[in-house]
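Visitor: take a look and give me a structure for this.
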Amino acid sequence: MARMMYREAVLSTIAEEMERDENVVVLGEDVVGGNGTAGGPEAIGGIWSTSTGLYGKFGGDRVIDTPISESAIVGAAAGLALSGKRPVAELMFADFIGVSLDQIWNQIGKFRYMFGGKTKCPAVIRMAWGAGFNAAAQHSQAVHQMLTGMPGLKVVMPSTPADVKGLLRTAIRDDDPVIFLEHKALYGVKGEVPDDKDFMIPFGHARLSRAGNDVTIVSTGLLLGFCEAVADKLAAEGIGCDVIDLRTTSPLDEEAILDSVEVTGRLVVVDEAPPRCSLANDICALVAEKAFASLKAPPLGVNPPHTPVPFARELETAYLPSIPKIEAAVRKVLSYR
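Guide: Residues are numbered from 1 along each chain as shown. Below is the predicted model of the structure:
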């Protein structure tokens with residue numbers, strides 16, 4: 001096991017897959033990097049440093065700097081995938097997805113269905129997402145709820161460096177389009193990562209990061225760590241929390257959620273998206289429909305308010321679900337007897 005940062009897990013996995021399969025190519029804005037040094041020693045590999053050194057190792061035919069056009073990036077990835085390549089395309093911020101929605105929603109997500117299963121589209125679209133970085137409303141949004149609702153796409157949201165490694169490798173080797181969402185506030189987080197170059201995590205298998213019999217807490221991304229902190233605090237009071245890291249929202253591990261709620265009878269879903277049509281509401285509805293007889297309290301969602309993400313540090317902190325807000329929700333569902 002090696003210790004590495006979240007961003008390093010992204011970079012090393014892409015590099016290993018490019019070494020393994022010559023059909024894996026990388027494209028995006030500034031993925032070569034380097035302020036004109038063509039991927040030389042000064043290259044940082046984009047603003048997130050997730051492609052550093054790839055150009056020098058694999059060359060310009062496989063590491064492609066693109067114009068500032070998300071529709072072109074995703075459209076090129078779609079064409080490459082249909083032609084037998086395995087593109088890993090980067091959108092610098094998930095917020096920019098709007099101008100490439102036709103390519104994502106109406107094209108890559110539907111190719112297999114449009115052609116009766118006779119073709120495949122193994123494209124990975126990577127995006128940095130989420131608040132907590134003071135990047136204002138157009139660079140801090142959660143988009144997973146919208147993408148999860150689009151049939152034909154697989155949506156992945158790793159919360160740890162190890163999960164980055166296992167899930168990104170699975171995404172690159174998958175024959176269907178995958179949206180790979182990397183929370184920008186996690187890029188510097190360190191953790192242990194398996195050394196095995198074939199380490200993979202299957203989609204649709206959630207991770208139980210804390211175990212307990214009193215409350216089920218479901219989350220992913222940056223807020224998962226907040227949920228773990230709440231669970232650790234409550235454990236000292238004799239309150240046990242199952243904390244479930246979804247890992248993927250499409251496919252969703254319904255079984256893990258329902259099995260946990262059947263034991264605990266209480267559910268709190270912590271989601272960085274605004275409440276209307278959110279993942280939190282979707283999972284609460286799922287549990288109300290399929291595990292109603294097990295519930296001892298109404299399922300609760302913890303979301304930001306239904307507003308754009310504020311820029312001011314104090315307002316952004318107030319906007320996001322916090323450890324006190326999550327703890328209050330857990331105590332509220334525990335108050336029902």
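Visitor: helix/strand/coil for residue 164?
Guide: For residue 164, the assignment made with DSSP: H, G, I helix; E, B strand; the rest coil gives helix.
Visitor: correction: residue 218
Guide: Once three-state DSSP is applied, residue 218 turns out strand.
Visitor: so it versus residue 230, what's the distance?
Guide: Distance of residue 218 to residue 230, given as C-beta to C-beta, to the nearest Å: 13 Å. For every residue, glycine as well, the C-beta is placed using N, CA and C.
Visitor: so what's residue 263 closest to, chain neighbours aside?
Guide: residue 213 (5.8 Å; C-beta to C-beta, 6 or more residues apart in numbering).
Visitor: so the one you found makes contact with residue 264?
Guide: Yes: under the contact definition of C-beta atoms under 8 Å, residue 213 touches residue 264, with a separation of 6.0 Å.
Visitor: between the two, which is the more surrounded one?
Guide: Looking at residue 213 and residue 264 with other C-beta atoms under 10 Å, you find the greater number of neighbours at residue 264, namely 23 against 13.
Visitor: OK, contacts around the residue nearest to residue 263?
Guide: When the contact criterion is C-beta atoms under 8 Å, 6 or more residues apart in numbering, the partners of residue 213 are 240, 242, 263-264.
Visitor: now do the helices in the stretch 151-300 of the chain.
Guide: Along the stretch 151-300 of the chain, the segments classed as helices by DSSP state H, counting those that start in this stretch run 161-173, 222-235, 254-264, 279-290.
Visitor: including mean pLDDT and distance to residue 330, could those go into JSON lines?
Guide: Conversion of the helices of the stretch 151-300 of the chain to JSON lines gives the following (pLDDT from 0 to 100; distance: least, C-beta to C-beta, whole Å):
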{"stretch": "helix 161-173", "mean pLDDT": "98", "distance to residue 330": "24"}
{"stretch": "helix 222-235", "mean pLDDT": "97", "distance to residue 330": "6"}
{"stretch": "helix 254-264", "mean pLDDT": "98", "distance to residue 330": "11"}
{"stretch": "helix 279-290", "mean pLDDT": "98", "distance to residue 330": "14"}
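Visitor: please work out which of those helices is packed deepest.
Guide: The highest average neighbour count among those, using mean count of other C-beta atoms under 10 Å, belongs to helix 161-173 at a mean of 24.
Visitor: point out where the chain drops to low pLDDT.
Guide: Under the criterion of pLDDT under 70, the regions of the chain flagged as low confidence span 34-44.
Visitor: and the residue nearest the centre of it?
Guide: residue 157 (1.8 Å; C-alpha atoms, centre = their mean).
Visitor: who's in contact with that residue?
Guide: Taking C-beta under 8 Å, 6+ apart as the criterion, residue 157 is in contact with 144, 181, 183, 220-221, 246-249.
Visitor: before we move on, the earlier item: what two of the contacts of residue 213 are the furthest from one another?
Guide: For the contacts of residue 213, the maximum inter-member distance is 9.9 Å, found between 240 and 263 (C-beta to C-beta).
Visitor: how about the strands in the stretch 51-200 of the chain?
Guide: 63-65, 86-91, 124-129, 154-156, 178-183, 190-193 (DSSP state E, counting those that start in this stretch).
Visitor: tell me which other helices or strands the second one touches.
Guide: The reference is to strand 86-91. Using 3 or more C-beta pairs under 8 Å, 6 or more residues apart in numbering; DSSP states H and E as the contact criterion, the secondary-structure elements in contact with strand 86-91 are helix 6-20, strand 24-28, helix 70-82, strand 124-129, helix 161-173.
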